[in-house]
Structure formats: structure tokens, C-alpha cells
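**Student:** give me coordinates for this.
(one chain, ligands or ions: 1)
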Amino acid sequence: MTGQRDRWAELTGGEAGEEYARRFARLAESGQDIHGEATFCTALLEPAARILDAGCGTGRIAIRLAELGHHCTGVDVDPSMLAVARREAPAREWLLGDLARLDALDLPPGFDLVLAAGNVIPLLAPGTEPAVIQHLAAALRPGGLLVTGMGLDAAHLPLPEPPVTLPDFDHWCAEAGLTLRRRHATWSGAPYREGCGYAVSVHSRATA
Ligand SMILES: C[S@@+](CC[C@H](N)C(=O)[O-])C[C@H]1O[C@@H](n2cnc3c(N)ncnc32)[C@H](O)[C@@H]1O
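**Tutor:** Numbering: from 1, shown residues only. From the prediction side, this is the model:
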């Protein structure tokens, strides 16, 4: 661990796993589609792709991606979130780890897609964002995709104001050798326009 608390831990005290899972269960019961991220990623992938769910939380997305036939590894630093994932899908790979020290997990590189959904990037520990993006980029195969979803205003974040701007994020990605390929305003693919409160971005690592 870096020793620095991430913004998610500051907000939740590291005890949000069960409540987070209940929130999505309630949304599903009310008829909402809670699998938009997995559907979006699958449309970008060949069958049986290798995916790293970075900041996987309770495993909501990785479990769905596995149901869709992909091979997912979930990494998260919050044991309360991982406890839910392990209970819901004990056979899957759930790793406790800090994305700012992803190298410490010795994951085999070459992932087809790395996903950081659900505001993982704005919820990192302040100042660790460039290092995390370097690690996520290094985990990709040449041509592999980094897919992120993040709020850009208070209405789309569990924070009073956005800690990360899109120009900052794109700059960190460029420094990590990633190129922006597509940007949407929602997981269902609505076009992104300047001033949107949410961005779904697809960056790619250069081909060899
Ligand atoms: C709002 S939750 C989103 C969980 C999941 N991606 C989803 O969309 O359901 C944000 C997650 O990012 C994780 N996170 C924040 N900083 C992290 C870090 N440095 N390393 C690993 N996980 C981190 C938190 O522990 C938390 O589970």
C-alpha cells in the first residue's frame, strides 16, 4: 500500500461493501439495468477476453463480464467491498491490492481490457493518479483498451467537487502511452459533449 488513504476510504471508512451491494440490488429490483458497463465493454471485445477490473468493488461488473464469457481478475484495496465479491462469486479471482502498487501483485501482463468504472479514478488517493494510470497501461497488451467512467461534477460524484479534470486525465493517459479513441457521456453510448457531467472514455495502448 502507498500509506495514503484513497478518497473512497476517506468517504466510507472502509466499511461500505454491504451497503454498496444493497444499493445496486435495490436498483436491479426496481427494474434498472445495472450492467451497462459490462455490456459496453463486451461490445469492444473478442469472445473470452482477459479483463482486469481495477477497483472492482463488490464485483458487480466483473461477475457480469464473466457471465458473458470473459476471464476477469478483480483488484480492490477495500476489504469490505472484496468480501461481497468473494461471497457472491467465490470461484473468481479477487485480489486485495492498491492500484498505485499494482506491480506488487505480479499479475501476468497482456490484458485485453482494463476497466476502472464507478469513479475509481476520482476516488484514488490524491496525487497517485498518474502512477495508477501508468500501472493500468502497463497491464495492457499492445492495442489493449483502458475503459474508464468518471463524474465531472458534484451530481455525478460522491464528492463535493471533482478532483480530476478530463484534460488532466487525458494528459496522464498520454504520458502512459495511451491514445483517446472514443468518449461518451453514458455507458449506453450517448455522445460526449463539452460540459457533460460524466465521461466514459476508451483509451488504447499503441500496437507493438
Ligand atoms: C465507487 S466504488 C466502484 C466499484 C466498482 N468499480 C463499481 O463500479 O461497482 C470505487 C472503488 O474504487 C476502489 N479504489 C479506490 N482507490 C483504490 C486503489 N488505490 N486501489 C484499489 N482500489 C481502489 C475503492 O476501494 C472502491 O471499491
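**Student:** all the helices of the protein, residue numbers only.
**Tutor:** 7-12, 17-29, 36-42, 60-67, 79-88, 129-138, 166-175 (DSSP state H).
**Student:** contacts for the last one next, please.
**Tutor:** With C-beta atoms under 8 Å, 6 or more residues apart in numbering as the contact definition, helix 166-175 has outside contacts at 121, 129-130, 133-134, 137, 146, 148, 150, 152, 179-180, 199, 201, 203. Just so you know, the C-beta spots here come from the backbone N, C-alpha and C atoms, and that holds for glycine as well.
**Student:** rerun at 10 Å
**Tutor:** Residues from elsewhere that reach helix 166-175 (C-beta atoms under 10 Å, 6 or more residues apart in numbering): 121-122, 129-134, 136-137, 146, 148, 150, 152, 162, 164-165, 178-180, 183, 192, 194, 196, 199, 201, 203-205.
**Student:** generate a ChimeraX selection restricted to the buried entries among those.
**Tutor:** To isolate the buried ones among these in ChimeraX, judged by 16 or more other C-beta atoms under 10 Å, type:
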select :121,122,129,130,131,132,133,134,136,137,146,148,150,152,162,164,178,183,192,196,199,201,203,204,205
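**Student:** near the ligand, which residues of the protein are found?
**Tutor:** Residues of the chain found near the ligand, taking C-beta under 6 Å from any ligand atom as the criterion, are 6, 8, 55-57, 60-61, 75-78, 81, 98-100, 117-120, 123-124.
**Student:** need the longest strand for the protein.
**Tutor:** With DSSP state E applied, the strand covering the greatest number of residues in the chain is identified as strand 140-151.
**Student:** centroid-nearest residue for this structure?
**Tutor:** The residue at the geometric middle of the chain, judged as the C-alpha nearest the mean C-alpha position with C-alpha atoms, centre = their mean, is Ala116 (1.4 Å).
**Student:** wait, that residue touches Ala139, no?
**Tutor:** No: using C-beta atoms under 10 Å, Ala116 and Ala139 do not qualify as a contacting pair, with a distance of 11.1 Å.
**Student:** can you read off the pLDDT for Gln4?
**Tutor:** Residue-level confidence at Gln4 comes out at 78, pLDDT.
**Student:** actually, Leu113.
**Tutor:** Confidence per residue is given as pLDDT, and for Leu113 that number is 98.
**Student:** overlap in contacts of Ala116 and Ala139?
**Tutor:** Shared contacts of Ala116 and Ala139 (C-beta under 10 Å, 6+ apart): Leu52, Ala54, Leu99, Leu146.
**Student:** how about the contacts made by the first one?
**Tutor:** The neighbours of Leu52, taking C-beta under 10 Å, 6+ apart as the test, are 62, 72-75, 93, 95, 99, 102, 107, 109, 111-116, 136, 139-140, 144, 146.
**Student:** sitting in strands, which of those residues do you find?
**Tutor:** When the contacts of Leu52 are checked against strands using DSSP E, the ones located there are 72-75, 93, 95, 111-116, 140, 144, 146.
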